[in-house]
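return a 3D structure for these sequence lines:
(2 chains)
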Amino acid sequence: MALSGWLMPALAAAAIAVIAVGLWLSFQAPPDYQQGHTVKIMFIHVPSAWLAMAIYLMIAVSSLGLLVFRHPLADVSAKAAAPLGAAFTLLALVTGSLWGKPMWGAYWVWDARLTSVLILFFLYLGLIALRSSIDDETLAGRLTAVLALVGIVILPIIKFSVDWWHTLHQPSTRFTATLDPVFRTPLLVMALGFTLMMIAMHMKAMRNEILRRRIKALTLRTVERAGQSAVVPGAAG
Amino acid sequence: MSAFLTILRRDLRLAFREGGALGTALGFNLVVVSMLPLSLGPDLNLLTRIAPGVLWVALLLSALLSLPRLFEADHEDGVLEVLATAPLPLEMTVVAKALAHWLSTGVPLTLLAPLLGLMLNMELSAYPALIATMLLGTPAISFIGAIGAALTLRSRRGGLLIALLVLPLYIPTLIFGISALDASSLADGNVSASTMILAAITLASTVLAPLAAAAALRMQVG
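Sure thing, here's the model as predicted:
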């Protein structure tokens, strides 16, 4: 908590700075010779999609940490990350569909990559729903961890969907080879900015969750003490 | 092994004698399939084309209905705690219960599918392939469903939540079930790649799903 207390604002400030530079670079980038200005959707779309998968991986690692090492912080991390992951997945889906309309002629295509990312979004919703539906918080955390580990099969499917099924979504860009530096630089800067933003938000959410649990524990202890002090005079009298 | 068979036989007997569960699933399947021609219009050519997809989706939804009961009754009367501490590993108990679910839900629904196919003007020549792919794919539905049933045992909105958790996990089974059907109706006699992947999904879920379901159950009864 002490470390994250000063690290979090620093990371947030760095994220704002890097995203500002990234946006400036994005607007400086020339329009693509085929796609025109719509190519710039990439600078939001690709980092969001990366983070959507990275956050799921982080949740899965946290879940493993919770189930194997029983570390309470792992549960806090998994819980805080799920809504973030859902948000970035939604962002990737929405920007992708806005990009798809001018390029493919439709907002949504039932392509392997799109469908598997949609499943990822459903998995995030499932994680959030399962956790909120169980009263016992410890049990909820551990059951959600089992679900997170089951759902990890989707990650390789997303990653390789563009190579296994040759449908509409273009295959993975090989950065050094095919992407021109005028697009590569803003993309990498934006990816760095998004990642910093994600880490800062995750840290903030974790701090909130820890504080919430402390308040809950304190309340329980106060109630317990009040109960004891109420019982003692009764027993004496 | 005898303990395994006893649980299997007990669950099957419960499923058939309890009544209701099987009838509800079959009736639900019938209603879902008959709603679609009403909403899409009675064009026979269109129905022939979409029949396999409709039958598969209706089968998935009907199989979902009986999933919440998989562990619920045993959890309520305490049998699950006995099973969890029994010498038979809980994983094998889950396998027995999922197998019983498949025999009492997946198989009857598959046998109903050709009849419903008639209502959708499906070609008679497609029937063997339809039944074969459904028999191949439905065990995965029961085994993956067991994970959902185990996870939602103590949740407040069990039934609806199972649908949200499990349907995304069913999507690969659905996709390969239908593409296996397309492929096998084209090249008869040959086993297509989709059929093999469908079999792989079933085998993998038979092995892996009981591990996850048993882990989830142990957290709740231990």
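
can you list phi and psi of residue B:120 for me?
Per-residue torsions, residue B:120: phi -100, psi 10 (degrees, to the nearest 10).

so who does it touch?
The contact partners of residue B:120, by C-beta atoms under 8 Å, 6 or more residues apart in numbering or on different chains, come to B:33, B:36-37, B:47-48, B:50-51, B:54-55. C-betas here are computed from N, CA, C, even on glycine.

and if you look at residue B:46?
residue B:40.

before we move on, the earlier item: buried ones among the contacts of residue B:120?
B:33, B:36-37, B:47, B:51, B:54-55 (16 or more other C-beta atoms under 10 Å in any protein chain shown).

okay, now the unreliable bits of chain A?
A:1-2, A:33, A:162-179, A:230-237 (pLDDT under 70).

secondary structure class for the nearest residue to residue B:169 once chain neighbours are set aside?
Of all residues not flanking residue B:169 in the chain, residue B:144 sits nearest, at 5.1 Å (C-beta to C-beta, 6 or more residues apart in numbering or on different chains). Following DSSP: H, G, I helix; E, B strand; the rest coil, we place residue B:144 in the helix state.

how about the residues of chain A near chain B?
Within chain A, the positions near chain B by C-beta under 8 Å from any C-beta of the partner chain are A:67, A:115, A:119, A:122-123, A:125-126, A:129-130, A:133-136, A:139, A:142-143, A:146-147, A:149-151, A:157.

show me what the lowest-mean-pLDDT helix or strand in chain B is packed up against.
Ranked by mean pLDDT, DSSP states H and E, the weakest helix or strand in chain B is helix B:158-186, scoring a mean of 81. Helices and strands touching helix B:158-186, by 3 or more C-beta pairs under 8 Å, 6 or more residues apart in numbering or on different chains; DSSP states H and E, are helix A:112-133, helix A:137-151, helix B:44-65, helix B:127-151, helix B:193-221.

can you name the farthest residue from the center of chain B?
residue B:43 (29.6 Å; C-alpha atoms, centre = their mean).

tell me the contacts of residue A:10?
Neighbours of residue A:10 in contact, by C-beta under 8 Å, 6+ apart: none.

now it: how far from residue A:76?
Per C-beta to C-beta, to the nearest Å, residue A:10 is found 21 Å from residue A:76.

can you pull up the most central residue in chain A?
residue A:85 (2.4 Å).

OK, contacts around residue B:32?
Applying C-beta under 8 Å, 6+ apart, we find residue B:32 in contact with B:57-58, B:61-62.

for these, which one is nearest chain A?
Using C-beta to the nearest C-beta, residue B:57 comes nearest to chain A of the contacts of residue B:32, at 14.5 Å.

neighbours around the residue nearest to that closest one when sequence neighbours are not counted, how many?
Residue nearest to residue B:57 in three dimensions, not counting chain neighbours: residue B:174, with 7.3 Å by C-beta to C-beta, 6+ apart. Burial measure for residue B:174: 18 neighbouring residues, criterion other C-beta atoms under 10 Å in any protein chain shown.

so what's residue B:7 closest to, chain neighbours aside?
Leaving aside its sequence neighbours, residue B:7 sits nearest to residue B:96 (C-beta to C-beta, 6+ apart; 4.1 Å).

quick check: the one you found vs chain A, distance?
According to C-beta to the nearest C-beta, to the nearest Å, residue B:96 stands 20 Å off from chain A.

name all residues that make contact with that residue.
B:4-5, B:7-8, B:11.

for chain B, which spans come out with low pLDDT?
Residue ranges of chain B with pLDDT under 70: B:19, B:158, B:183-191, B:222.

still on that earlier bit, the contacts of residue B:120: which two are farthest apart?
B:33 and B:48 (13.9 Å; C-beta to C-beta).

what residues does chain B have near chain A?
So chain B meets chain A at B:147, B:151-152, B:154-157, B:161, B:164-165, B:167-169, B:171-172, B:212, B:215-216, B:219-220 (C-beta under 8 Å from any C-beta).

which of those residues count as buried?
By 16+ other C-beta under 10 Å, those give B:147, B:151-152, B:154-155, B:161, B:164-165, B:167-169, B:171-172, B:212, B:215-216, B:219-220 as buried.

in a strand, that's where residue B:88 is, yeah?
No: counting by three-state DSSP, one finds residue B:88 to be coil, located in no strand.

please give me every residue in contact with the closest residue to it other than its chain neighbours.
Once flanking residues are discounted, residue B:88 sits nearest to residue B:3: 4.3 Å by C-beta to C-beta, 6+ apart. Listed by C-beta under 8 Å, 6+ apart, the contact partners of residue B:3 are B:86-88, B:92.

tell me the most packed of the residues you listed, by neighbour count.
residue B:92 (17 neighbours).

can you tell me the closest non-neighbouring residue to that one?
Skipping the residues right next to it in sequence, residue B:92 comes nearest to residue B:4 by C-beta to C-beta, 6+ apart, at 5.5 Å.

and the longest helix along chain A with helix A:137-151, angle?
Longest helix in chain A by number of residues (criterion: DSSP state H): helix A:181-236. Comparing the axes of helix A:181-236 and helix A:137-151 via axes from the mean of the first three to the mean of the last three C-alpha atoms, to 10 degrees yields an angle of 150 degrees.

just the element for the residue nearest to the centre of chain A, please.
helix A:72-104 (DSSP states H and E).

any idea which element the residue lying closest to residue A:40 once chain neighbours are set aside lies in?
Spatial nearest neighbour of residue A:40, excluding adjacent residues (C-beta to C-beta, 6+ apart): residue A:26 at 5.4 Å. Counting by DSSP H and E, the element that carries residue A:26 is helix A:2-28.

now do the buried residues in that helix.
A:8, A:11-12, A:14-15, A:18-19, A:22-23, A:25-26.

contacting residues around residue 5?
Answering for chain A, as no chain was given. Shown in contact with residue A:5 (C-beta under 8 Å, 6+ apart): residue A:207.

you looked at the wrong chain, it should be chain B
Residue B:5 neighbours (C-beta under 8 Å, 6+ apart): residue B:96.

next one: it from chain A, what distance?
Counting by C-beta to the nearest C-beta - residue B:5 and chain A are separated by 28 Å.

over to that residue: give its phi and psi.
Here the main-chain torsion angles of residue B:5 (degrees, to the nearest 10) amount to phi -70, psi -40.

what do you get for residue A:107?
Per-residue torsions, residue A:107: phi -70, psi -30 (degrees, to the nearest 10).

equivalent analysis for the one 4 residues further on, please.
Recorded main-chain torsions at residue A:111 are phi -100, psi 160, according to degrees, to the nearest 10.
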